[in-house]
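Engineer: Any chance you can model this:
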Amino acid sequence: MNKYRSYYVPFFFIILSIVGIIAANVSMDFILGQLYSRFVRNTIFLLALIIPILSGMGINFAITIGAIAAQIAMVVAIDMGLPGGRALLLATIMSIGLAIVFGNIVGFLLNKAKGKEMIASIVIGFLGTNLYQLIFMVGYGTVITPFNEDTLLTRGIGVKSMLDCMHFKTLFAGVMPIKIGNTEGSLVPIIIVLILASMVYLTSRSRVGYHMKAVGEDLEIAEKLGIDVDKTRRISIVISTVLAALAHLMFVQDLGVINVYSGHLNLDVFSAAALLAGGATFKKATIKNAFVGIILFHTLFIVSPLAGQNLFKNPALGEYFRSFIAYGTIIFALMMNLKYEKVRRTLVKADVET
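Structural biologist: Predicted structure coming up:
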(Lines give C-alpha, C1' and ligand atoms only; values in the text may rest on other atoms or scores of the structure.)
Protein backbone atom coordinates (compact mmCIF):
# COMPACT_ATOMS: atom_id res chain seq x y z
CA MET A 1 0.00 0.00 0.00
CA ASN A 2 2.95 2.35 0.59
CA LYS A 3 3.57 2.73 -3.14
CA TYR A 4 0.06 4.18 -3.54
CA ARG A 5 0.50 6.60 -0.65
CA SER A 6 1.35 9.53 -2.94
CA TYR A 7 -1.96 9.08 -4.79
CA TYR A 8 -4.22 9.48 -1.75
CA VAL A 9 -4.45 13.27 -1.87
CA PRO A 10 -4.78 13.61 -5.69
CA PHE A 11 -7.51 10.95 -5.72
CA PHE A 12 -9.35 12.80 -2.95
CA PHE A 13 -9.18 16.04 -4.97
CA ILE A 14 -10.38 14.31 -8.14
CA ILE A 15 -13.50 13.14 -6.31
CA LEU A 16 -14.11 16.57 -4.77
CA SER A 17 -13.59 18.29 -8.14
CA ILE A 18 -16.06 15.99 -9.92
CA VAL A 19 -18.67 16.55 -7.19
CA GLY A 20 -18.00 20.30 -7.30
CA ILE A 21 -18.34 20.49 -11.10
CA ILE A 22 -21.66 18.62 -10.97
CA ALA A 23 -22.96 20.81 -8.13
CA ALA A 24 -21.77 24.05 -9.77
CA ASN A 25 -23.41 23.11 -13.08
CA VAL A 26 -20.92 25.07 -15.19
CA SER A 27 -19.61 24.41 -18.69
CA MET A 28 -16.14 22.98 -19.35
CA ASP A 29 -15.39 26.07 -21.46
CA PHE A 30 -15.77 28.22 -18.34
CA ILE A 31 -13.59 25.91 -16.25
CA LEU A 32 -10.88 25.64 -18.93
CA GLY A 33 -10.81 29.42 -19.37
CA GLN A 34 -10.39 29.94 -15.64
CA LEU A 35 -7.75 27.23 -15.44
CA TYR A 36 -5.71 28.98 -18.14
CA SER A 37 -5.56 32.16 -16.04
CA ARG A 38 -4.76 30.28 -12.86
CA PHE A 39 -2.12 28.16 -14.60
CA VAL A 40 -0.37 31.34 -15.76
CA ARG A 41 -0.72 33.08 -12.39
CA ASN A 42 0.16 30.32 -9.97
CA THR A 43 2.21 27.49 -11.51
CA ILE A 44 5.61 29.15 -11.00
CA PHE A 45 4.84 29.53 -7.29
CA LEU A 46 4.55 25.75 -7.11
CA LEU A 47 7.83 25.36 -9.00
CA ALA A 48 9.44 27.66 -6.41
CA LEU A 49 8.60 25.14 -3.68
CA ILE A 50 10.23 22.12 -5.34
CA ILE A 51 13.95 22.94 -4.88
CA PRO A 52 13.82 23.49 -1.07
CA ILE A 53 11.91 20.21 -0.70
CA LEU A 54 14.66 18.55 -2.75
CA SER A 55 17.17 19.89 -0.21
CA GLY A 56 15.23 18.46 2.72
CA MET A 57 13.92 21.82 3.96
CA GLY A 58 10.22 21.07 3.50
CA ILE A 59 7.73 23.68 2.29
CA ASN A 60 9.33 27.11 1.96
CA PHE A 61 6.53 29.36 3.21
CA ALA A 62 8.95 32.29 2.85
CA ILE A 63 8.23 32.45 -0.90
CA THR A 64 6.15 35.48 0.14
CA ILE A 65 9.53 37.25 0.43
CA GLY A 66 10.05 36.65 -3.29
CA ALA A 67 6.58 38.04 -3.99
CA ILE A 68 7.46 41.10 -1.90
CA ALA A 69 10.61 41.60 -4.01
CA ALA A 70 8.43 41.61 -7.14
CA GLN A 71 5.93 44.04 -5.62
CA ILE A 72 8.68 46.47 -4.62
CA ALA A 73 10.07 46.34 -8.16
CA MET A 74 6.66 46.85 -9.79
CA VAL A 75 5.72 49.76 -7.54
CA VAL A 76 9.02 51.46 -8.40
CA ALA A 77 8.54 50.79 -12.14
CA ILE A 78 4.99 52.20 -12.06
CA ASP A 79 6.13 55.17 -9.95
CA MET A 80 8.78 55.99 -12.57
CA GLY A 81 6.04 56.14 -15.22
CA LEU A 82 7.80 53.84 -17.69
CA PRO A 83 5.84 52.33 -20.63
CA GLY A 84 4.68 48.70 -20.44
CA GLY A 85 7.61 46.80 -21.96
CA ARG A 86 10.33 48.87 -20.28
CA ALA A 87 8.46 48.84 -16.96
CA LEU A 88 8.16 45.04 -17.00
CA LEU A 89 11.83 44.67 -17.98
CA LEU A 90 12.95 46.96 -15.15
CA ALA A 91 10.62 45.19 -12.70
CA THR A 92 12.01 41.79 -13.76
CA ILE A 93 15.65 42.86 -13.32
CA MET A 94 14.92 44.54 -9.98
CA SER A 95 12.87 41.56 -8.80
CA ILE A 96 15.66 39.10 -9.52
CA GLY A 97 18.27 41.33 -7.85
CA LEU A 98 16.17 41.86 -4.72
CA ALA A 99 15.19 38.18 -4.62
CA ILE A 100 18.85 37.12 -4.66
CA VAL A 101 19.61 39.45 -1.74
CA PHE A 102 16.49 38.47 0.21
CA GLY A 103 16.98 34.78 -0.60
CA ASN A 104 20.49 34.80 0.86
CA ILE A 105 19.16 36.39 4.06
CA VAL A 106 16.32 33.87 4.32
CA GLY A 107 18.72 30.99 3.56
CA PHE A 108 21.10 32.18 6.27
CA LEU A 109 18.27 32.33 8.81
CA LEU A 110 16.90 28.90 7.86
CA ASN A 111 20.37 27.40 8.24
CA LYS A 112 20.16 28.48 11.87
CA ALA A 113 16.87 26.59 12.23
CA LYS A 114 17.78 23.17 10.87
CA GLY A 115 14.96 20.71 11.40
CA LYS A 116 12.38 23.46 11.90
CA GLU A 117 12.63 25.21 8.55
CA MET A 118 8.91 25.27 7.78
CA ILE A 119 7.98 26.97 11.04
CA ALA A 120 10.89 29.38 10.67
CA SER A 121 9.92 30.22 7.07
CA ILE A 122 6.37 31.08 8.19
CA VAL A 123 7.72 33.51 10.80
CA ILE A 124 10.17 35.00 8.28
CA GLY A 125 7.29 35.54 5.85
CA PHE A 126 5.27 37.40 8.49
CA LEU A 127 8.28 39.52 9.48
CA GLY A 128 9.05 40.40 5.87
CA THR A 129 5.41 41.38 5.28
CA ASN A 130 5.39 43.71 8.29
CA LEU A 131 8.63 45.41 7.27
CA TYR A 132 7.44 45.77 3.67
CA GLN A 133 4.09 47.26 4.71
CA LEU A 134 5.78 49.65 7.15
CA ILE A 135 8.09 50.97 4.41
CA PHE A 136 5.31 51.54 1.89
CA MET A 137 2.76 52.85 4.39
CA VAL A 138 5.09 55.25 6.20
CA GLY A 139 8.43 55.46 4.40
CA TYR A 140 7.10 56.27 0.93
CA GLY A 141 6.48 59.99 0.87
CA THR A 142 8.64 60.72 3.93
CA VAL A 143 12.06 59.05 3.77
CA ILE A 144 11.53 57.87 0.16
CA THR A 145 10.68 60.58 -2.36
CA PRO A 146 8.38 59.27 -5.12
CA PHE A 147 8.89 60.04 -8.81
CA ASN A 148 5.16 60.52 -9.25
CA GLU A 149 3.01 61.77 -6.39
CA ASP A 150 -0.09 60.24 -7.99
CA THR A 151 1.04 56.91 -6.55
CA LEU A 152 0.66 58.32 -3.01
CA LEU A 153 -2.41 58.55 -0.83
CA THR A 154 -4.16 61.92 -0.61
CA ARG A 155 -2.33 62.75 2.64
CA GLY A 156 0.97 62.50 0.74
CA ILE A 157 2.37 59.62 2.78
CA GLY A 158 2.09 55.98 1.83
CA VAL A 159 1.42 54.25 -1.49
CA LYS A 160 -2.17 53.73 -2.62
CA SER A 161 -3.50 50.29 -1.77
CA MET A 162 -4.31 49.52 -5.42
CA LEU A 163 -2.20 50.48 -8.43
CA ASP A 164 -3.36 50.00 -12.00
CA CYS A 165 -0.96 48.14 -14.28
CA MET A 166 -3.11 47.26 -17.26
CA HIS A 167 -0.13 48.11 -19.47
CA PHE A 168 1.41 44.91 -18.08
CA LYS A 169 -1.74 42.88 -18.79
CA THR A 170 -2.02 44.03 -22.41
CA LEU A 171 1.68 43.50 -23.12
CA PHE A 172 1.17 40.04 -24.67
CA ALA A 173 -2.18 40.86 -26.27
CA GLY A 174 -2.19 39.69 -29.88
CA VAL A 175 1.15 37.88 -29.53
CA MET A 176 0.71 34.18 -30.36
CA PRO A 177 -3.02 34.34 -29.53
CA ILE A 178 -4.86 31.25 -28.32
CA LYS A 179 -8.35 30.50 -27.07
CA ILE A 180 -8.80 28.10 -24.18
CA GLY A 181 -12.41 27.51 -23.23
CA ASN A 182 -14.12 30.87 -23.24
CA THR A 183 -10.90 32.82 -22.55
CA GLU A 184 -8.72 34.45 -25.19
CA GLY A 185 -5.10 34.73 -24.18
CA SER A 186 -1.53 34.38 -25.35
CA LEU A 187 0.76 31.39 -25.64
CA VAL A 188 3.70 33.48 -24.37
CA PRO A 189 2.94 33.13 -20.61
CA ILE A 190 2.54 29.36 -21.02
CA ILE A 191 5.90 29.18 -22.81
CA ILE A 192 7.50 31.17 -19.95
CA VAL A 193 6.05 28.73 -17.40
CA LEU A 194 7.33 25.73 -19.38
CA ILE A 195 10.81 27.28 -19.74
CA LEU A 196 11.05 27.86 -15.98
CA ALA A 197 9.76 24.32 -15.34
CA SER A 198 12.50 22.99 -17.63
CA MET A 199 15.09 25.03 -15.73
CA VAL A 200 13.90 23.54 -12.43
CA TYR A 201 14.09 20.06 -13.94
CA LEU A 202 17.62 20.65 -15.31
CA THR A 203 18.71 22.08 -11.95
CA SER A 204 17.50 18.95 -10.18
CA ARG A 205 19.54 16.84 -12.63
CA SER A 206 22.68 18.99 -12.39
CA ARG A 207 25.66 18.61 -10.06
CA VAL A 208 24.11 21.16 -7.71
CA GLY A 209 20.87 19.21 -7.85
CA TYR A 210 22.59 16.00 -6.80
CA HIS A 211 24.20 17.89 -3.91
CA MET A 212 20.74 19.11 -2.91
CA LYS A 213 19.37 15.56 -2.97
CA ALA A 214 22.29 14.34 -0.87
CA VAL A 215 21.70 17.11 1.67
CA GLY A 216 18.00 16.31 1.66
CA GLU A 217 18.68 12.63 2.38
CA ASP A 218 21.09 13.09 5.28
CA LEU A 219 23.01 16.17 6.42
CA GLU A 220 25.78 14.24 8.18
CA ILE A 221 26.48 11.94 5.25
CA ALA A 222 26.45 14.93 2.87
CA GLU A 223 29.06 16.67 5.02
CA LYS A 224 31.23 13.55 5.05
CA LEU A 225 31.04 13.51 1.24
CA GLY A 226 32.56 16.99 1.21
CA ILE A 227 29.38 18.89 0.34
CA ASP A 228 29.01 22.39 1.79
CA VAL A 229 25.61 21.78 3.39
CA ASP A 230 24.84 25.36 4.44
CA LYS A 231 25.81 26.77 1.04
CA THR A 232 23.73 24.17 -0.80
CA ARG A 233 20.68 24.89 1.36
CA ARG A 234 21.15 28.63 0.88
CA ILE A 235 21.35 28.21 -2.90
CA SER A 236 18.07 26.27 -2.76
CA ILE A 237 16.33 29.14 -0.97
CA VAL A 238 17.81 31.74 -3.35
CA ILE A 239 16.49 29.80 -6.36
CA SER A 240 13.12 29.43 -4.64
CA THR A 241 12.94 33.15 -3.85
CA VAL A 242 13.89 34.19 -7.39
CA LEU A 243 11.24 31.86 -8.86
CA ALA A 244 8.66 33.27 -6.42
CA ALA A 245 9.52 36.81 -7.57
CA LEU A 246 9.10 35.83 -11.22
CA ALA A 247 5.87 34.03 -10.31
CA HIS A 248 4.45 37.17 -8.74
CA LEU A 249 5.36 39.19 -11.83
CA MET A 250 3.33 36.71 -13.88
CA PHE A 251 0.53 36.88 -11.31
CA VAL A 252 0.24 40.67 -11.51
CA GLN A 253 0.77 40.71 -15.29
CA ASP A 254 -2.24 38.45 -15.76
CA LEU A 255 -4.33 40.23 -13.12
CA GLY A 256 -3.63 43.78 -14.35
CA VAL A 257 -3.62 45.37 -10.89
CA ILE A 258 -1.28 45.45 -7.88
CA ASN A 259 -2.79 45.02 -4.46
CA VAL A 260 0.15 46.78 -2.80
CA TYR A 261 -0.28 45.71 0.81
CA SER A 262 -1.95 42.32 0.64
CA GLY A 263 -1.41 41.01 -2.89
CA HIS A 264 1.29 38.60 -1.71
CA LEU A 265 -0.59 37.22 1.28
CA ASN A 266 -1.69 33.55 1.36
CA LEU A 267 0.21 32.78 -1.84
CA ASP A 268 2.46 30.49 0.20
CA VAL A 269 -0.41 28.53 1.76
CA PHE A 270 -2.40 28.06 -1.45
CA SER A 271 0.73 27.18 -3.43
CA ALA A 272 1.76 24.61 -0.83
CA ALA A 273 -1.74 23.12 -0.76
CA ALA A 274 -1.85 22.91 -4.57
CA LEU A 275 1.54 21.19 -4.72
CA LEU A 276 0.48 18.69 -2.04
CA ALA A 277 -2.80 18.15 -3.90
CA GLY A 278 -0.70 17.01 -6.84
CA GLY A 279 0.83 14.21 -4.78
CA ALA A 280 3.93 15.94 -3.41
CA THR A 281 5.10 15.41 0.16
CA PHE A 282 7.35 17.39 2.51
CA LYS A 283 10.19 15.08 1.44
CA LYS A 284 9.59 14.67 -2.29
CA ALA A 285 8.14 16.93 -5.00
CA THR A 286 8.35 16.89 -8.79
CA ILE A 287 7.26 19.08 -11.68
CA LYS A 288 4.52 16.52 -12.40
CA ASN A 289 3.16 17.14 -8.90
CA ALA A 290 3.09 20.89 -9.65
CA PHE A 291 1.18 20.52 -12.92
CA VAL A 292 -1.29 17.97 -11.55
CA GLY A 293 -1.77 20.01 -8.40
CA ILE A 294 -2.45 23.28 -10.20
CA ILE A 295 -5.23 21.61 -12.21
CA LEU A 296 -6.87 19.69 -9.36
CA PHE A 297 -6.63 22.31 -6.65
CA HIS A 298 -7.72 25.25 -8.79
CA THR A 299 -10.53 23.33 -10.45
CA LEU A 300 -11.95 22.91 -6.96
CA PHE A 301 -11.26 26.59 -6.24
CA ILE A 302 -13.16 27.63 -9.36
CA VAL A 303 -16.30 25.58 -8.75
CA SER A 304 -16.56 25.89 -4.93
CA PRO A 305 -18.38 29.27 -4.73
CA LEU A 306 -20.76 28.29 -7.54
CA ALA A 307 -21.45 24.94 -5.89
CA GLY A 308 -22.12 26.73 -2.61
CA GLN A 309 -24.55 29.05 -4.36
CA ASN A 310 -26.45 26.21 -6.04
CA LEU A 311 -26.55 23.88 -3.05
CA PHE A 312 -27.01 26.30 -0.15
CA LYS A 313 -27.92 29.60 -1.87
CA ASN A 314 -24.83 31.07 -0.24
CA PRO A 315 -21.59 31.51 -2.25
CA ALA A 316 -19.75 32.48 0.95
CA LEU A 317 -19.87 28.82 2.01
CA GLY A 318 -17.81 27.98 -1.06
CA GLU A 319 -15.24 30.60 -0.06
CA TYR A 320 -14.96 29.15 3.45
CA PHE A 321 -14.71 25.67 1.96
CA ARG A 322 -11.79 26.76 -0.23
CA SER A 323 -9.83 28.01 2.79
CA PHE A 324 -10.73 24.86 4.73
CA ILE A 325 -9.47 22.70 1.84
CA ALA A 326 -6.20 24.66 1.58
CA TYR A 327 -5.28 24.33 5.25
CA GLY A 328 -6.81 20.85 5.51
CA THR A 329 -4.62 19.60 2.65
CA ILE A 330 -1.47 20.81 4.41
CA ILE A 331 -2.53 19.19 7.71
CA PHE A 332 -3.43 15.91 5.97
CA ALA A 333 -0.09 15.88 4.16
CA LEU A 334 1.67 16.62 7.45
CA MET A 335 0.00 13.65 9.15
CA MET A 336 0.84 11.37 6.20
CA ASN A 337 4.47 12.52 6.25
CA LEU A 338 4.83 12.05 9.99
CA LYS A 339 3.37 8.55 9.71
CA TYR A 340 5.70 7.71 6.82
CA GLU A 341 8.72 9.14 8.66
CA LYS A 342 7.89 7.09 11.76
CA VAL A 343 7.70 3.91 9.66
CA ARG A 344 10.95 4.76 7.88
CA ARG A 345 12.81 5.34 11.15
CA THR A 346 11.48 2.06 12.54
CA LEU A 347 12.76 0.17 9.48
CA VAL A 348 16.16 1.92 9.66
CA LYS A 349 16.45 1.08 13.35
CA ALA A 350 15.55 -2.57 12.64
CA ASP A 351 18.22 -2.73 9.90
CA VAL A 352 20.85 -1.30 12.25
CA GLU A 353 19.97 -3.76 15.01
CA THR A 354 20.19 -6.73 12.64
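Engineer: what are the bridge partners for residue 177, then?
Structural biologist: Beta-bridge pairing of residue 177 under DSSP bridges involves residue 186.
Engineer: Distance of it relative to residue 252?
Structural biologist: 21 Å (C-beta to C-beta, to the nearest Å). Every residue, glycine included, has its C-beta placed from N, CA and C.
Engineer: what about these two, which has more around it?
Structural biologist: residue 252 (25 against 12; other C-beta atoms under 10 Å).
Engineer: Quick check, pLDDT for residue 352.
Structural biologist: As predicted, residue 352 sits at a pLDDT of 46.
Engineer: Residue 134: helix or strand, and which one exactly?
Structural biologist: Using DSSP states H and E, residue 134 sits within helix 117-134.
Engineer: buried set for that helix?
Structural biologist: Buried residues in helix 117-134, counted by 16 or more other C-beta atoms under 10 Å: 117-118, 120-122, 124-125, 128-129, 132.
Engineer: All the helices of the stretch 251-354 of the chain, residue numbers only.
Structural biologist: Ranges of helices in the stretch 251-354 of the chain, per DSSP state H, counting those that start in this stretch, are 267-277, 287-312, 315-353.
Engineer: my bad, the stretch 1-150 of the chain
Structural biologist: Going by DSSP H, counting those that start in this stretch, the stretch 1-150 of the chain shows helices at 8-24, 28-54, 63-79, 84-111, 117-134.
Engineer: Could I get the contacting residues of the residue nearest to residue 76 when sequence neighbours are not counted?
Structural biologist: Leaving aside its chain neighbours, residue 76 sits nearest to residue 94 (6.5 Å; criterion: C-beta to C-beta, 6 or more residues apart in numbering). Taking C-beta atoms under 8 Å, 6 or more residues apart in numbering as the criterion, residue 94 is in contact with 69, 72-73, 76-77.
Engineer: And for residue 297?
Structural biologist: Neighbours of residue 297 in contact, by C-beta under 8 Å, 6+ apart: 13, 270, 273-274, 277-278, 325, 329.
Engineer: confidence score at it?
Structural biologist: pLDDT, residue 297: 87.
Engineer: Would you quantify the distance from it to residue 240?
Structural biologist: Distance from residue 297 to residue 240, by C-beta to C-beta: 19 Å.
Engineer: Over to residue 90?
Structural biologist: On the measure of C-beta to C-beta, residue 90 and residue 240 end up 23 Å apart.
Engineer: Kindly report the same for residue 48.
Structural biologist: Going from residue 48 to residue 240 by C-beta to C-beta gives 5 Å.
Engineer: Same check on residue 128?
Structural biologist: Residue 128 sits at a distance of 14 Å from residue 240 (criterion: C-beta to C-beta).
Engineer: Residue 75 too?
Structural biologist: Applying C-beta to C-beta, the value for residue 75 to residue 240 is 22 Å.
Engineer: quick one: buried residues of stretch 143-163?
Structural biologist: The neighbour-count check on stretch 143-163 (16+ other C-beta under 10 Å) flags 146, 151-152, 158-160, 163 as buried.
Engineer: Ends of it, what's the gap?
Structural biologist: End-to-end distance for stretch 143-163, by C-alpha to C-alpha, to the nearest Å: 21 Å.
Engineer: How about the secondary structure of residue 175?
Structural biologist: coil (DSSP: H, G, I helix; E, B strand; the rest coil).
Engineer: Phi, psi for it please.
Structural biologist: Main-chain dihedrals, residue 175, degrees, to the nearest 10: phi -90, psi 120.
Engineer: Let me know whether it touches residue 185 as I believe.
Structural biologist: No: with contact defined as C-beta atoms under 8 Å, residue 175 does not reach residue 185; the gap is 10.2 Å.
Engineer: quick one on the thing from earlier: and the helix holding residue 134, how far from the chain's centre?
Structural biologist: How far helix 117-134 lies from its chain's middle: 15 Å, per C-alpha atoms, centre = their mean, to the nearest Å.
Engineer: of residue 90 and residue 240, who's got more company?
Structural biologist: residue 240 (31 against 16).
Engineer: To what extent is residue 262 buried, counted in neighbours?
Structural biologist: Close neighbours of residue 262, defined as other C-beta under 10 Å, add up to 10.
Engineer: cool, and residue 279?
Structural biologist: 24.
Engineer: quick revisit: which neighbouring elements make contact with the helix holding residue 134?
Structural biologist: In this structure, helix 117-134 packs against helix 63-79, helix 84-111, with contacts taken as 3 or more C-beta pairs under 8 Å, 6 or more residues apart in numbering; DSSP states H and E.
Engineer: so what's residue 303 up against?
Structural biologist: 17, 20-21, 23-24, 26, 31.
Engineer: Show me which of the residues you listed is closest to residue 81.
Structural biologist: Checking the contacts of residue 303 against residue 81 by C-beta to C-beta gives residue 31 as the nearest, at 38.7 Å.
Engineer: With adjacent residues omitted, what lies nearest to the residue positioned nearest the centre of the chain?
Structural biologist: Closest residue to the average C-alpha location of the chain: residue 45 at 2.6 Å, with C-alpha atoms, centre = their mean. Among residues not flanking residue 45 along the chain, residue 271 sits closest, at 4.0 Å (C-beta to C-beta, 6+ apart).
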